[in-house]
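J.: turn this into a model:
(2 chains)
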Amino acid sequence: MTLEAFQNMVFPVKNKLYRFAFRLLGNNEEAKDVVQEVMIKVWSGREQLDNIQNMEAWCMRITKNLSLDRLRQQQRRPTDSLEKGMHLSHHSLTPAEATELSERMKRISELMAELPEKQRQVMHLRDIEGYTYAEICEILEIDMSQVKVSLFRARNTVREKLQKMDAYGLA
Amino acid sequence: MDLHEVERLLEKYWQAETSLEEEQQLREFFATGQVPAALKGAADLFAFFQAEQGKTIGQNFEGAVTKQLKVRREGKLISMIGLQNVGRIAAGIVVVVAATFLIRQEIRKSYPKELQDTYTDPQMAFEETKRALQMISNSFGKAKKEASKMQMLNEAEKKIQSKSDSDKISI
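T.: This is a model prediction of the structure:
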């Protein structure tokens, strides 16, 4: 496989890989490092790429494994806020409204970071990346029922916390 | 989409029973911004998802990875992490060498003057060495004389001892 063919095949998924790594690690630089490692790993094994049915899911799986390896090595949970670098359109908002929205986004980001690892992964892959259940099974190497249960629990936890946020305010 | 339909889909969403198409309909509804106060929490959540989808790894990434892949193709992998590690090791070595040099300088300063190399002229150094050796040789000579006196005394003591022993036996 030529470098150009490889770039055309793998580079388009770089942002998905980055967002997933970032969701797992909570750190911008580490997420970039992981995506770079994924690219190098896939390039090194390019002779076997013909046997891979879903290239994107395979790259996402490698991203997950490398990110979790890093977390295990550091024995930590993601802590950085995902609020940094958000691209929200604030055109029609007053400065006060924009600040409030930014605070709420930060709070939601924290809600997701507080979810158990599997639930966080499933919710990210479904609600942010829009993968099918079958693709999530392939990426996370778990069965369909686990995917559905994790998604149900994640969404319900987030729903409850959002209701509390609305009832008691951001503080 | 009317509000009833939105609420119905949203309930399905919380139960993790929506299809990707239904989730897309919800995204589109919340993206309009015309959301009743009762659905503010859900609106925030979907706004968060939208913001997350816009996150990208950065423009320089492809160029940096391409360089890495080209190097890799040539059989020489220099990863960013590897370079960082090499840099750390090199910095460590520089610190150790500098510390050793400084400590050595300090130790030299604290040496007594006699131990320092003060002669730059080889002939003068030779003469001084000869003088020092001569002095040691003289001292050895003196010590030898004193030692021979001691030997005489020892022999005299032995003779007296043997004489007194033989007197005791005869009595």
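J.: how does chain B divide up, domain by domain?
T.: What automatic domain parsing lists as the domains of chain B is B:3-53, B:61-108.
J.: near chain A, which residues of chain B?
T.: B:13-16, B:20, B:23-24, B:33, B:40-42, B:44-45, B:47-49, B:51-58, B:61-62, B:64-66, B:68-70, B:72-73, B:77, B:79-81 (Cβ under 8 Å from any Cβ of the partner chain). All C-beta atoms are positioned from the backbone trio N, CA, C, and that covers glycine.
J.: ranges for the helices of chain B?
T.: B:3-14, B:20-31, B:40-53, B:60-73, B:80-110, B:122-170 (DSSP state H).
J.: in chain A, where is pLDDT below threshold?
T.: A:76-93, A:168-171 (pLDDT under 70).
J.: that one: strands as residue ranges?
T.: Listed from the start of the chain, chain A has no strands (DSSP state E) to report.
J.: so in it, which helix runs the longest?
T.: helix A:144-168.
J.: next, the buried residues of that one.
T.: Buried positions in helix A:144-168, judged by neighbour count with 16 or more other Cβ atoms under 10 Å in any protein chain shown: A:147, A:150-155, A:157-159, A:161-162, A:165.
J.: just to revisit the earlier point, make CSV out of the domains of chain B and add mean pLDDT and mean neighbour count.
T.: Putting the domains of chain B into CSV (pLDDT from 0 to 100; neighbours: other Cβ atoms under 10 Å in any protein chain shown) gives the following:
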stretch, mean pLDDT, mean neighbour count
domain B:3-53, 93, 16
domain B:61-108, 80, 12
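J.: count the neighbours of the closest residue to residue B:66 other than its chain neighbours for me.
T.: Using Cβ to Cβ, 6 or more residues apart in numbering or on different chains and skipping the chain neighbours, the partner closest in space to residue B:66 is residue A:7 (6.9 Å). Neighbour count for residue A:7, taken as other Cβ atoms under 10 Å in any protein chain shown: 16.
J.: distance to residue A:118 added to the helices of chain B, as a markdown table?
T.: Below are the helices of chain B laid out as a markdown table (distance: least, Cβ to Cβ, whole Å):
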| stretch | distance to residue A:118 |
| --- | --- |
| helix B:3-14 | 19 |
| helix B:20-31 | 20 |
| helix B:40-53 | 19 |
| helix B:60-73 | 28 |
| helix B:80-110 | 28 |
| helix B:122-170 | 80 |
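J.: so which of these comes closest to residue A:139?
T.: helix B:20-31 (15.4 Å; Cβ to Cβ).
J.: quick one, that closest one and helix B:40-53 angle?
T.: Inter-element angle recorded for helix B:20-31 and helix B:40-53: 100 degrees (by axes from the mean of the first three to the mean of the last three Cα atoms, to 10 degrees).
J.: report the angle between helix B:20-31 and helix B:3-14.
T.: 120 degrees.
J.: contacts for helix B:20-31, please.
T.: Under the contact criterion Cβ atoms under 8 Å, 6 or more residues apart in numbering or on different chains, helix B:20-31 has outside partners A:126-127, A:130, A:132, B:1, B:6, B:9-10, B:12-13, B:18, B:35, B:39, B:42-43, B:46-47, B:49-50.
J.: centroid-nearest residue for chain A?
T.: With distances taken as Cα atoms, centre = their mean, residue A:20 lies nearest the centre of chain A, 2.7 Å away.
J.: any idea how far stretch B:86-105 is from the chain center?
T.: 10 Å (Cα atoms, centre = their mean, to the nearest Å).
J.: I figured residue A:144 hits residue A:133, correct?
T.: Yes: contact criterion Cβ atoms under 8 Å: residue A:144 and residue A:133 qualify, at 5.8 Å.
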